[in-house]
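Engineer: How does the following fold in three dimensions:
(3 chains)
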Amino acid sequence: MPELPEVETVVRELRPRLVGRRLVAVQVSPLRLRQKWSRRWGPLLVGRRVQAVRRRGKWIIVDLDHDRHLLLHLGMTGQLTIARTQQPVARHTHWIATLNSGREQLRYRDIRRFGSAAFLPSAARLAGFFHKAQLGPEPFDLDQGYWFASLARTRRCLKAALLDQRLVAGVGNIYADEALFEARLFPGQLGIRTNRAQAERLRQAIARVLNRAIERRGSSIRNYIGASGRQGDYQREFRVYGQTGKPCPRCRAPIRRLRLAGRSTHFCPRCQPATPARASAGRPL
DNA sequence: ATAGGCGCCTGCTGGC
DNA sequence: TGCCAGCAGGCGCCTA
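Structural biologist: Residues are numbered from 1 along each chain as shown, chains lettered A, B, ... in the order given. Below you'll find the model as predicted:
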């Protein structure tokens, strides 16, 4: 569920409430996540003070003192919230860390359990983790030349390329569709058929769409909430995602849906034509 | 090496 | 009302 804007929102809301606090107790449920939460992590976390909360792609990084690092991924339905200790614990809560006042807790809830967690005992191991994952650049740091070359070298369609975290980190199904609409590119267009002007439109569209979504604190369709429990608002501004059959906000043609890279894909057949119009194909950069 | 398909989980919706 | 298919913000593993 959560893509970059949702994860960024969680991190921004978590930061002021977590940095400087100490974890004094950790409770774990027996249900396993995608990457099992190890029993050995509890004692390693207890007593540690949070030094920073950061994001890399869709990963949340909690930096602790003693050079310890907790990595969290929210999968499809993950929720990471700060709750008052006396608040009832919601079903599907998988682990709870009590903060040093004793009055508040950091809680991880994940209905479908596609989320994962990792504990890294040093900065070097943390770097190694992301190196192994081959996580691509942040979408706001995309180099023009890198981006065009990356698209031009793949035989997959643009939608599949956007979802590949090795090419660019943080884009998921919603924002891939929204960015392709913004860039007026057909999601099924092959990467190798992409010219420099199109790649550049897409590069800028990705950053614009993600920034707008962050301003709205992400999108809440069914499960997503920020660290404070508040929902996002960006779902109200979707132009194609989940808008099948509704008129395109630009040209009024009905939004269509198809399956690409195994994922539901939404686009405007007129604004994002499979074959680019002659006029735009011949236009200089 | 690369690309597509499936499976992991739970919950909700719509059609019969 | 009940049942069943299809769907869902992700990603790792397997196969060709």
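Engineer: how about the residues of the stretch 51-200 of chain A that lie near DNA strand B?
Structural biologist: Proximity of the stretch 51-200 of chain A to DNA strand B, by Cβ under 7 Å from any atom of the strand, involves residues A:Arg91, A:His92, A:Ile111, A:Arg112, A:Arg113, A:Phe114, A:Thr154, A:Arg155, A:Arg156, A:Cys157, A:Ala160, A:Gly191. Backbone N, C-alpha and C define where each C-beta goes, glycine included.
Engineer: Within reach of DNA strand C, which of these are there?
Structural biologist: Contacts with DNA strand C are made by A:Arg112, A:Phe114 out of those, judged by Cβ under 7 Å from any atom of the strand.
Engineer: From the residues of the stretch 51-200 of chain A next to DNA strand B, list the buried ones, please.
Structural biologist: A:His92, A:Ile111, A:Arg113, A:Thr154, A:Arg156, A:Cys157, A:Ala160, A:Gly191 (16 or more other Cβ atoms under 10 Å).
Engineer: Run through the residues that contact the last one.
Structural biologist: When contacts are counted by Cβ atoms under 8 Å, 6 or more residues apart in numbering, A:Gly191 is found next to A:Ser150, A:Leu151, A:Ala152, A:Arg153, A:Thr154, A:Arg155, A:Arg156, A:Cys157, A:Leu158, A:Ala161.
Engineer: Report the secondary structure state of the closest residue to DNA strand B within chain A.
Structural biologist: Going by Cβ to the nearest atom of the strand, DNA strand B is nearest to A:Arg112 of chain A, at 3.1 Å. Put simply, A:Arg112 is coil when judged by DSSP: H, G, I helix; E, B strand; the rest coil.
Engineer: Spatially, what comes nearest to it if we skip its sequence neighbours?
Structural biologist: A:Thr77 (4.6 Å; Cβ to Cβ, 6 or more residues apart in numbering).
Engineer: And for A:Lys58?
Structural biologist: Closest to A:Lys58 by Cβ to Cβ, 6+ apart is A:Val7, at 5.2 Å.
Engineer: And for the residue of the stretch 151-285 of chain A at minimum distance from DNA strand C, nearest residue in space, chain neighbours not counted?
Structural biologist: Closest residue of the stretch 151-285 of chain A to DNA strand C, Cβ to the nearest atom of the strand: A:Gly172 (2.2 Å). Nearest residue to A:Gly172, sequence neighbours excluded (Cβ to Cβ, 6+ apart): A:Glu3, at 3.5 Å.
Engineer: same thing with A:His94?
Structural biologist: A:His94's closest residue in space is A:Ser29 (Cβ to Cβ, 6+ apart), at 4.8 Å.
Engineer: thought that neighbour was touching A:Trp95?
Structural biologist: Yes. Under the criterion of Cβ atoms under 8 Å, A:Ser29 makes contact with A:Trp95 at 6.6 Å.
Engineer: If you count surrounding residues, which of these two has more?
Structural biologist: Set A:Ser29 next to A:Trp95 and count neighbours by other Cβ atoms under 10 Å: A:Trp95 wins out with 21 against 15.
Engineer: which residues in the stretch 51-200 of chain A form strands?
Structural biologist: In the stretch 51-200 of chain A, the segments counted as strands under DSSP state E, counting those that start in this stretch are A:59-64, A:68-73, A:78-84, A:93-99, A:104-110, A:116-120.
Engineer: List the contacts of A:Gln27.
Structural biologist: Contact partners of A:Gln27, counting by Cβ under 8 Å, 6+ apart, are A:Trp95, A:Ile96, A:Thr98.
Engineer: 6 Å instead, please
Structural biologist: Contact analysis of A:Gln27 by Cβ atoms under 6 Å, 6 or more residues apart in numbering lists A:Ile96.
Engineer: In terms of pLDDT, where does it sit?
Structural biologist: Looking at A:Gln27, its pLDDT is 92.
Engineer: Any buried residues in the strand or helix carrying it, and which?
Structural biologist: Using DSSP states H and E, A:Gln27 maps to strand A:23-28. Using 16+ other Cβ under 10 Å as the test for burial, strand A:23-28 gives A:Leu23, A:Val24, A:Val26.
Engineer: ok, now stretch A:132-139?
Structural biologist: A:Leu135, A:Gly136, A:Pro137, A:Glu138, A:Pro139.
Engineer: rewinding a little: can you lay out the strands of the stretch 51-200 of chain A as a markdown table showing distance to A:Phe130 and mean pLDDT?
Structural biologist: Formatted as a markdown table, the strands of the stretch 51-200 of chain A follow (distance: least, Cβ to Cβ, whole Å; pLDDT from 0 to 100):
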| stretch | distance to A:Phe130 | mean pLDDT |
| --- | --- | --- |
| strand A:59-64 | 8 | 98 |
| strand A:68-73 | 9 | 96 |
| strand A:78-84 | 19 | 96 |
| strand A:93-99 | 22 | 95 |
| strand A:104-110 | 21 | 96 |
| strand A:116-120 | 10 | 93 |
